[in-house]
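# Give me the fold of what follows.
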Amino acid sequence: MAARIEHLVTSGEFTLDGGTWQVDNNVWIVGDDEQVLVIDPAHDAEAVAAAIGDRRLLAIVCTHGHNDHVNAAPELADRTGAPVLLHREDGVLWQQTHPGFKPDAELADGQRLTAAGTELTVLHTPGHSPGAVCLYAPDLGTVFSGDTLFAGGPGATGRSFSDFPTIIRSISERLLVLPPETVVRTGHGDSTTIGTEAPHLEEWIARGH
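So this is what the prediction gives:
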């Protein structure tokens, strides 16, 4: 059976730089009836585990280290035995949420993860955070963008460990070069496509979005 994409929305708090905000997060599950990957287990390990059911969880993949994308990762790992994967450059952010606990393995640019015969390529896309990554699955016609690219523009860069010129470079060099029909499945909110967002790059730069 070919891999498919499942979507779960969980709610909780995003905390950074002394501020706290209520957020809804997209949790993505990629696989088939036997095995899956989970991307960004946010807020509610029980809900994510219920969505997985009795399928084998191959890995828990975190697109970056902000608490709202990783806060349920250790509990989900305990429940399932799956390894937690994170880019090493987001280790400092991870430790703010999970001091003393380390991810099981590092994500690296160009690395390929496989679920149900479908490959997802890791694209290092710093800017929103130093170790932010996206996951490109050409066979599914999609890229999981975390908080790097949303419907309407780049992810936020006004807080610690973020940088606007860097996220613009990541988006233009790593994401906007993908086929225009590629669906962008984001960390929050609605999905979009590369073709929808690409024409607005200069606008984002002009307004320093």
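# Which elements pack onto the lowest-mean-pLDDT helix or strand in the chain?
Every helix and strand in the chain was compared by mean pLDDT, DSSP states H and E; the lowest is helix 201-207, with a mean of 93. Applying 3 or more C-beta pairs under 8 Å, 6 or more residues apart in numbering; DSSP states H and E, one finds that helix 201-207 contacts helix 164-170. For the C-beta atoms, the positions are set from N, CA and C on the backbone; glycine is no exception.
# After the helix it packs on, which helix or strand is next?
strand 183-186 (DSSP states H and E).
# rounded to a whole number, what's the mean pLDDT of that following strand?
For strand 183-186, mean pLDDT rounds to 98.
# export that strand as PDB, just CAs?
Below are the C-alpha coordinates for strand 183-186, written out as PDB (Å, rounded to 0.1, in the frame of the first residue of the first chain):
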ATOM      1  CA  VAL A 183       1.800  21.200  -1.600                       C
ATOM      2  CA  VAL A 184       3.300  23.000   1.400                       C
ATOM      3  CA  ARG A 185       2.100  21.400   4.600                       C
ATOM      4  CA  THR A 186       2.800  23.800   7.400                       C
END
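# Do you have the strands of the protein handy? List them.
Secondary structure of the chain by DSSP state E: the strands cover 4-16, 19-31, 35-39, 56-61, 84-87, 105-107, 112-115, 118-124, 133-137, 142-146, 149-150, 153-154, 183-186, 192-193.
# Most tightly packed of the ones you listed?
Greatest average neighbour count among the strands of the chain goes to strand 142-146 (a mean of 28), per mean count of other C-beta atoms under 10 Å.
# quick one, that one and strand 56-61 angle?
Between strand 142-146 and strand 56-61, the angle comes out at 50 degrees (axes from the mean of the first three to the mean of the last three C-alpha atoms, to 10 degrees).
# Adjacent strands (with direction) for strand 142-146?
Next to strand 142-146 in the sheet, as set by DSSP bridges, lie strand 133-137 (antiparallel), strand 183-186 (parallel).
# Pull the residues that contact it.
With contact meaning C-beta atoms under 8 Å, 6 or more residues apart in numbering, strand 142-146 is reached by 5, 28, 39-40, 63-64, 69, 120, 123, 125, 128, 132-137, 155, 175, 178, 182-187, 194.
# swap in stretch 21-30?
With C-beta under 8 Å, 6+ apart as the contact definition, stretch 21-30 has outside contacts at 3-15, 36-43, 48, 51-52, 68-69, 115-116, 118, 120, 137, 140, 144, 185-189.
# For that stretch, give the mean pLDDT please.
Here stretch 21-30 scores 98 as its mean pLDDT.
# Show me the shaky parts of the protein.
Filtered on pLDDT under 70, the chain yields the residue ranges 1, 209.
# just how off-centre is the least confident helix or strand of the chain within its chain?
Relative to its chain's centre, helix 201-207 lies at 23 Å (C-alpha atoms, centre = their mean, to the nearest Å).
# so T125 makes contact with S172?
No: at 10.5 Å, T125 does not count as touching S172 under the criterion of C-beta atoms under 8 Å.
# Quick check: closest non-adjacent residue to G117.
Excluding its sequence neighbours, the residue lying closest to G117 (C-beta to C-beta, 6 or more residues apart in numbering) is A3, at 6.6 Å.
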